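Trainee: return a 3D structure for these sequence lines:
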Amino acid sequence: MFDAILFDLDGTLLNLDIDVFLNYYFQEMIYTADTQGLPGKDLVAQVIASTDIMMNSQDGTATNEEVFWDAFSRHANDKFADRQKFFSHFYDCCFPKLQSRCRTFAIASEIVAEAFKKGTKVAIATNAVFPLQAIAERLRWAGVDRYSFDLITSYEVMHYCKPFPEYYLEIADILKVSPQRCLMIGNDSGEDLVAGSAGMKTFLVEDMLIERDKGFIPDWYGDLRELYDFLRNKYPK
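Mentor: Presented below is the predicted three-dimensional model:
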């Protein structure tokens, strides 16, 4: 029995190829900026550079949001001074259009429901590079937005990103559970299975498997139907 079950989002609960999705995401950002008289390509280049700094930060004292905007502010030109207004508009009006670039896994909601039936804490452990608004939108696309998750790892609350073990240790700390009593479920053999090095058990979802040669071995593996069966019938007592 676990005290917490953690779900990756993209490629696990949501049928979304993150690399393909990001191409459309940045195209939409460029188009939106250009229509507002901003240099879209320059904006996206700065977003990518600032995200890279955020993802590699191991400071631990600043949130990912703070690291991102500090990096952005240090290198952005005056045309991006009103950046908060731009990104508020982008996530309110433009980001939702990207739903057409992904599909719903029909079984995803049933899987999450089974996790809640265990009486454990349930968290969305997506890489903490997006604001909560963007993650909440993707939870809606996945058909699991009605659930009251104990934690959603947005960039506002987290201080680390995948694949650092500290990301998973921080989740356990926020949830007030032992890492050894957590189950991490995800489709990325590198970014999600690294949870094992933090002491967590892992289930590798193979429907949209991302294979990275990191040497991590999952405790369990299978497709989404097998994950559902695992939670329903084979969950450790």
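Trainee: next SSE after the strand or helix carrying Y168?
Mentor: Assigned by DSSP states H and E, Y168 falls within helix 165-175. Where DSSP H and E defines the elements, the next helix or strand beyond helix 165-175 is strand 182-186.
Trainee: distance from the chain centre to that following strand, please.
Mentor: 13 Å (Cα atoms, centre = their mean, to the nearest Å).
Trainee: for the residue lying closest to A195 once chain neighbours are set aside, give me the pLDDT.
Mentor: Setting aside the residues directly before and after it, A195 is nearest to M184 in space (Cβ to Cβ, 6 or more residues apart in numbering), at 3.7 Å. All C-beta spots, glycine's among them, are computed from the backbone N, C-alpha and C. For M184, the model assigns a pLDDT of 98.
Trainee: lowest-scoring secondary structure element of the protein by mean pLDDT?
Mentor: When each helix and strand of the chain is scored by mean pLDDT, DSSP states H and E, helix 83-89 comes last, with a mean of 87.
Trainee: next helix or strand past that one?
Mentor: Counting by DSSP H and E, what follows helix 83-89 is strand 103-104.
Trainee: what's the angle between the helix or strand just after that following strand and strand 182-186?
Mentor: Downstream of strand 103-104, the next assigned helix or strand under DSSP H and E is helix 108-117. In terms of direction (axes from the mean of the first three to the mean of the last three Cα atoms, to 10 degrees), helix 108-117 departs from strand 182-186 by 180 degrees.
Trainee: before we move on, the earlier item: buried residues in the helix holding Y168?
Mentor: Across helix 165-175, burial judged by 16 or more other Cβ atoms under 10 Å covers P165, Y167, Y168, L169, E170, I171, A172, I174, L175.
Trainee: now those as JSON lines including distance to K97 and pLDDT?
Mentor: Below are the buried residues of helix 165-175 laid out as JSON lines (distance: Cβ to Cβ, whole Å; pLDDT from 0 to 100):
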{"residue": "P165", "distance to K97": "36", "pLDDT": "98"}
{"residue": "Y167", "distance to K97": "29", "pLDDT": "98"}
{"residue": "Y168", "distance to K97": "32", "pLDDT": "98"}
{"residue": "L169", "distance to K97": "36", "pLDDT": "98"}
{"residue": "E170", "distance to K97": "32", "pLDDT": "98"}
{"residue": "I171", "distance to K97": "30", "pLDDT": "98"}
{"residue": "A172", "distance to K97": "36", "pLDDT": "98"}
{"residue": "I174", "distance to K97": "32", "pLDDT": "98"}
{"residue": "L175", "distance to K97": "33", "pLDDT": "98"}
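Trainee: nearest to I53, of those?
Mentor: Among the buried residues of helix 165-175, Y167 lies closest to I53 (Cβ to Cβ), at 15.9 Å.
Trainee: how much space between the nearest residue to the closest one once chain neighbours are set aside and E211?
Mentor: In this structure, Y167 finds its nearest non-sequential neighbour in Y160, 4.1 Å apart by Cβ to Cβ, 6+ apart. Applying Cβ to Cβ, to the nearest Å, the value for Y160 to E211 is 23 Å.
Trainee: thank you kindly, that will do.
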